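Sharing a sequence plus its predicted fold:
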Amino acid sequence: MKFIVSSSYLLKQLQVLGSVINSSNTLPILDNFLFELDNNLLKVSASDLETTMTATLEIDSKSQGSVAIPAKLLLDILKTFPEQPLTFSVEDNSTVEISSNSGKYAIAYAPGEEFPKAVLLDDPSKTIVPAEVLATAVSKTIFAAGNDDLRPVMSGVFFQFSPEGLIFVATDAHKLVKYARTDVKASQVADFIMPKKPLNILKGILGASDAEVAIEYNDSNATFSFENYVLTCRLIDGKYPNYEAVIPKENPNKLLINRVQFLNSVRRVAIFANKTTHQIRLKIAGTELNISAEDIDYSNKADERLTCDYQGDDMQIGFNSRFLTEMLNNLSSDEIQLEMSMPNRAGILTPVDGLDEGETITMLVMPVMLSN
């Protein structure tokens, strides 16, 4: 088995695949990349058993075979090469020899058959989504997903596909984000919960791509195929909570305000908030929004006034400044609207501008009880 490949081309592909590999694996074989050669097509895979990702590279070769090569060692050596062709040849003494312009390097390999096979989906449903839409959907929601091992269903992003459009939801019970598109549709109704790790990997690669992503899924696994990559992952098992039930429908009090101004103000005031509750207070009356925080233990307090456009009854409501900051940071609009009904009901944050046609973002932030 022998092939020639460009050093920078190989490194670029392996760095993407490398994000799948865990820092500590129960199976030693998972510390390797699987190289499968079929003449001038080279398939390289990485896996952590839950997620498997494969890249297909076009290279120069006339042979076939498969070997597993230690990932860290290979990445470390590739990073040091300037752009040049590298020759990989599998020797009889269980090593792979890499020949560059300046020298030869031998790495021990394991037989390719020992590497776990990627799951093949039987009878999957299929939906095509533009890469840009999927990347945006993931980055707008993933920050709101939980980290609680006791509630695994909340530790992922809920995908809901239907002929009406696509919906992506994430929540950790304190905040909830629903991202919807009516301009991209699926042929049939389906829903599944995607874990965070494969989504973060996808988000990293899709951002710069203008390809179409083919998503295939059944009850237990999903596969994302685009350009020369295929990512297969196990889905989170369980029923997602009924998120529609927690979104308040009647919100008569509406606050319109400049997003950046509001965000900067919240950030400044939050420095003076209690370090355990992160509580800030919004007091709204007429066209004035008053943002304040107090840490009684240290006699720290802050108070800021902003002008805003407000329709509704005068009210005071408390929020966790960290959740509010995170949400405002994840929006890109100039203006946002905060809709509220009562101080003990969730507030709904939505962007007023900067959305594509058919795109909606709804963010829900739970209030904290104000101590008077």
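Yes, it's here.

I'd guess residue 327 is in a strand, am I close?
No: using DSSP: H, G, I helix; E, B strand; the rest coil, the assignment for residue 327 is helix, not a strand.

Show me the shaky parts of the stretch 51-200 of the chain.
Residue ranges of the stretch 51-200 of the chain with pLDDT under 70: none are present.

so where do the strands sit in it?
Along the stretch 51-200 of the chain, counting by DSSP state E, counting those that start in this stretch, strands occupy 51-58, 64-70, 85-90, 95-99, 104-108, 110-111, 125-130, 156-162, 165-171, 175-181, 190-195.

Double-check residue 233 against residue 198; I have them as touching.
Yes: assessed by Cβ atoms under 8 Å, residue 233 is found in contact with residue 198 at 4.1 Å. (Glycine included, C-beta is placed from N, CA and C.)

So which of the strands of the stretch 51-200 of the chain is nearest residue 15?
strand 51-58 (10.4 Å; Cβ to Cβ).

Check which residues of that closest one are buried.
Of all the residues in strand 51-58, those buried under the rule 16 or more other Cβ atoms under 10 Å are 51, 52, 53, 54, 55, 56, 57.

Could you check how many residues crowd around the closest residue to the fifth one other than its chain neighbours?
Take residue 55 and drop its neighbours on the chain: the residue closest to it by Cβ to Cβ, 6 or more residues apart in numbering is residue 13, 4.5 Å away. By the other Cβ atoms under 10 Å criterion, the neighbourhood of residue 13 contains 19 residues.

do the one 5 residues further on as well
The number of residues packed near residue 18 is 16, by other Cβ under 10 Å.

Pretty sure residue 137 sits against residue 179.
Yes: taking Cβ under 8 Å as the definition, residue 137 is a contact partner of residue 179 at 5.0 Å.

what sits in contact with each of those two?
With contacts taken as Cβ atoms under 8 Å, 6 or more residues apart in numbering, residue 137 and residue 179 have residue 168 as neighbours in common.

Can you lay out the buried residues of strand 51-58 as JSON lines showing distance to residue 39?
Below are the buried residues of strand 51-58 laid out as JSON lines (distance: Cβ to Cβ, whole Å):
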{"residue": "51", "distance to residue 39": "28"}
{"residue": "52", "distance to residue 39": "23"}
{"residue": "53", "distance to residue 39": "22"}
{"residue": "54", "distance to residue 39": "17"}
{"residue": "55", "distance to residue 39": "17"}
{"residue": "56", "distance to residue 39": "12"}
{"residue": "57", "distance to residue 39": "12"}
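
Closest one of the residues you listed to residue 290?
Nearest to residue 290 among these is residue 51, at 47.4 Å by Cβ to Cβ.

picking that back up, overlap of the contact sets of residue 233 and residue 198?
Contact criterion Cβ under 8 Å, 6+ apart; residues bridging residue 233 and residue 198 by contacting each: residue 51.

got the contact list for the residue nearest to residue 253 when sequence neighbours are not counted?
Computed as Cβ to Cβ, 6+ apart, the closest residue to residue 253 that is not its neighbour in sequence is residue 312, at 3.0 Å. Residue 312 makes contact with 252, 253, 254, 255, 284, 340 under the criterion Cβ under 8 Å, 6+ apart.

For residue 312, give me the backbone phi and psi.
phi 150, psi -180 (degrees, to the nearest 10).

where does residue 8 land in three-state SS?
helix.

Tell me who's in contact with it.
81, 83.

Kindly report the same for residue 57.
Residues in contact with residue 57 (Cβ under 8 Å, 6+ apart) are 5, 9, 10, 13, 41, 42, 43, 44, 228.

of these, buried ones?
Judged by 16+ other Cβ under 10 Å, buried ones among the contacts of residue 57: 5, 10, 13, 42, 43, 44.

Among these, name the ones in strands.
Counting by DSSP state E, the part of the buried ones among the contacts of residue 57 found in strands is 5, 42, 43, 44.

quick one, what contacts the second one?
Contacts for residue 42 (Cβ under 8 Å, 6+ apart) come out as 3, 5, 35, 36, 56, 57, 58, 59, 61.

hmm, try it at 7 Å
3, 5, 35, 57, 59 (Cβ atoms under 7 Å, 6 or more residues apart in numbering).

Go ahead and confirm residue 64 touches residue 38.
Yes: between residue 64 and residue 38 there is a contact at 5.5 Å, judged by Cβ atoms under 7 Å.

now the residue sitting nearest the centre point of the chain, nearest residue through space, not along the chain?
Residue closest to the mean C-alpha point of the chain, counted by Cα atoms, centre = their mean, is residue 200 at 3.7 Å. Nearest non-adjacent residue to residue 200, counting by Cβ to Cβ, 6+ apart: residue 142, 6.9 Å away.
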